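Student: only geometry, no sequence info:
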């Protein structure tokens, strides 16, 4: 792969180093590799974070690295429906290029993926490209996400996506069953999920896939272990440490800037603040009416007195 | 509140139609606009200008404050020339880069090269112990060391003065060296966070780590006393900053203030200004928000 590129180009040099690092320190939580024909285009998959409704989910996406990388941030786009980020839409994280002022060259694709995983369970606050599906819907999507990798792009890219999917399946335990305490309003959900999880375990290829790709799904899965992904299973602690530190910093800076660029999501549950607004409005109207009544009363009184006084005087 | 919501929803309606388009977002527009502004700025002045006489400064203030014109006259007596840097938020680091490398090129001071290389290694270790992954900073370090070795003459990779100027104007060298200084600065501040914390709290009311993430490491973030102190300490290079502003002196006469950033010996936490009273060989002219390079007579 390397000989096609100008190794004097600092961006290329850096990206190749990141590829090498990604391969020599594989993570159970994500996998990401560039396309063979273009190292500025990567595919990735992340595993849904534990103890959330995304647990067990395998979410695929693509990364575009700019020519000025690492000075300009990579952009991220998810391909697997997940209920938290829209698919085929650039993700709005302060670590990706929607907040370019926050990106810094000391971050890497690895850092960004760790941040992305950390962002999954956060409240979207109406962020651009965010979704605010109910937990149950997200769990359903998490189960579905394991069935088959999304179909996207050239056969070359598809092969990479499928390889990453196989790798992630071997690393990510299936979607856990809901414990009774976790069961919320909807009683239907757990049963469906149990059923699906079972299907998953028995035969991942044949279980019901996403609406759009159910038909072609089964036969296109590529055998696993094509990539030398597991070459060196012992992770470099320094690398991991560096990357895990950053999300907290990111989430710290995230919230204040969000509101101005962000858009209110149309999902029903985002309107929680409404009752408060209404209460204030009612109170304000009430107060206004009270004041008007008082003024009127005073006015009437004064004109009456005035009239009496004037009458008396004449 | 409700109006705002309505506006926001309108905004979303506009976006929904475009959600499949990779390039159709407001934020991208902002980015494009930002880079257009940068491009405009770039046309006006390269990363690094040519040497100009001090009198060229006066032309900028013809109709401006008489104090400034007086001060420029004083500058003209003390300094031979000015070399401008682009006002892109990296001007301090860019000015430092050129000034330092030019000094080595002219002086061929091998002891200084050895000394700074030892300090660079300390910075590298500091970054590693702070948890930075090697791959995120090693390219920047390697590129600076390459330039440093390049300005030492008589070797295979030695470069001329013109080559140094053109490298400092080439983003694929210049930006990498700026970033190298940002890493060194950030490492120094975090390594000595107890020392820097009160200054940072006073400036921005953020934590040391947060300050480094938001005001030191990102490209284009301007530098102030904290960054200059940290870089000077980390590399052990004194820096003189000459202030050109409208402040006037009580005693009637106009003089130009300067401040010398003298590196402290970092292994002695309470060490005062280093004993050697070397005049700084790097002199920068500060006008509010911007640094250029000055050449003493």
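Tutor: Perfect, thanks for sending it. Every value quoted in this text rests on a predicted model; they were computed, and no experiment measured them. Numbering: from 1, shown residues only, chains lettered A, B, ... in the order given.

Student: Tell me the bridge partners for residue A:41.
Tutor: residue A:64 (DSSP bridges).

Student: contacting residues around it?
Tutor: A:34-35, A:62-65, A:157 (CB atoms under 8 Å, 6 or more residues apart in numbering or on different chains). All C-beta atoms are positioned from the backbone trio N, CA, C, and that covers glycine.

Student: and if we set it to 10 Å?
Tutor: When contacts are counted by CB atoms under 10 Å, 6 or more residues apart in numbering or on different chains, residue A:41 touches A:34-35, A:62-65, A:153, A:157, A:160.

Student: need the residues you listed in a markdown table with distance to residue B:163, neighbour count and pLDDT, can you?
Tutor: A markdown table is the format used below for the contacts of residue A:41 (distance: CB to CB, whole Å; neighbours: other CB atoms under 10 Å in any protein chain shown; pLDDT from 0 to 100):
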| residue | distance to residue B:163 | neighbour count | pLDDT |
| --- | --- | --- | --- |
| A:34 | 34 | 22 | 94 |
| A:35 | 37 | 18 | 93 |
| A:62 | 40 | 21 | 94 |
| A:63 | 36 | 21 | 94 |
| A:64 | 34 | 17 | 93 |
| A:65 | 30 | 23 | 94 |
| A:153 | 43 | 15 | 87 |
| A:157 | 42 | 18 | 91 |
| A:160 | 42 | 25 | 92 |
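
Student: would TSV of the residues you listed with distance to residue B:89 be doable?
Tutor: Written out in TSV, the entries for the contacts of residue A:41 read as follows (distance: CB to CB, whole Å):
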residue	distance to residue B:89
A:34	31
A:35	34
A:62	31
A:63	27
A:64	25
A:65	23
A:153	37
A:157	38
A:160	38
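
Student: And those residues, which is closest to residue B:288?
Tutor: Checking those against residue B:288 with CB to CB, the nearest one is residue A:65 at 37.0 Å.

Student: doesn't residue A:295 fall inside a strand?
Tutor: No: secondary structure assignment (DSSP: H, G, I helix; E, B strand; the rest coil) places residue A:295 in helix, not in a strand.

Student: In space, what's closest to residue B:65 - neighbours in sequence excluded?
Tutor: Distance criterion CB to CB, 6 or more residues apart in numbering or on different chains; nearest residue to residue B:65, sequence neighbours excluded, is residue B:246 at 5.3 Å.

Student: What's the separation between the one you found and residue B:256?
Tutor: 12 Å (CB to CB, to the nearest Å).

Student: which residues of the stretch 101-250 of chain B fall in strands?
Tutor: Taking DSSP state E, counting those that start in this stretch, the strands of the stretch 101-250 of chain B run over residues B:239-243.

Student: Looking at residue B:246 and residue B:256, which has the bigger crowd around it?
Tutor: residue B:256 (19 against 11; other CB atoms under 10 Å in any protein chain shown).

Student: Can you give me every residue that contacts the more buried one?
Tutor: Residue B:256 makes contacts with B:70-75, B:77-79, B:242-245, B:249, B:285, as judged by CB under 10 Å, 6+ apart.

Student: could you pull out the strands for chain A?
Tutor: Secondary structure of chain A (DSSP state E): strands at A:30-35, A:38-47, A:58-64, A:75-78.

Student: still on that earlier bit, could you flag which of the contacts of residue B:256 are buried?
Tutor: The neighbour-count test (16 or more other CB atoms under 10 Å in any protein chain shown) marks B:71-72, B:75, B:79, B:242, B:244, B:285 as buried among the contacts of residue B:256.

Student: Those residues: which ones sit near chain A?
Tutor: The overlap between the buried ones among the contacts of residue B:256 and the neighbourhood of chain A (criterion: CB under 10 Å from any CB of the partner chain) is empty.
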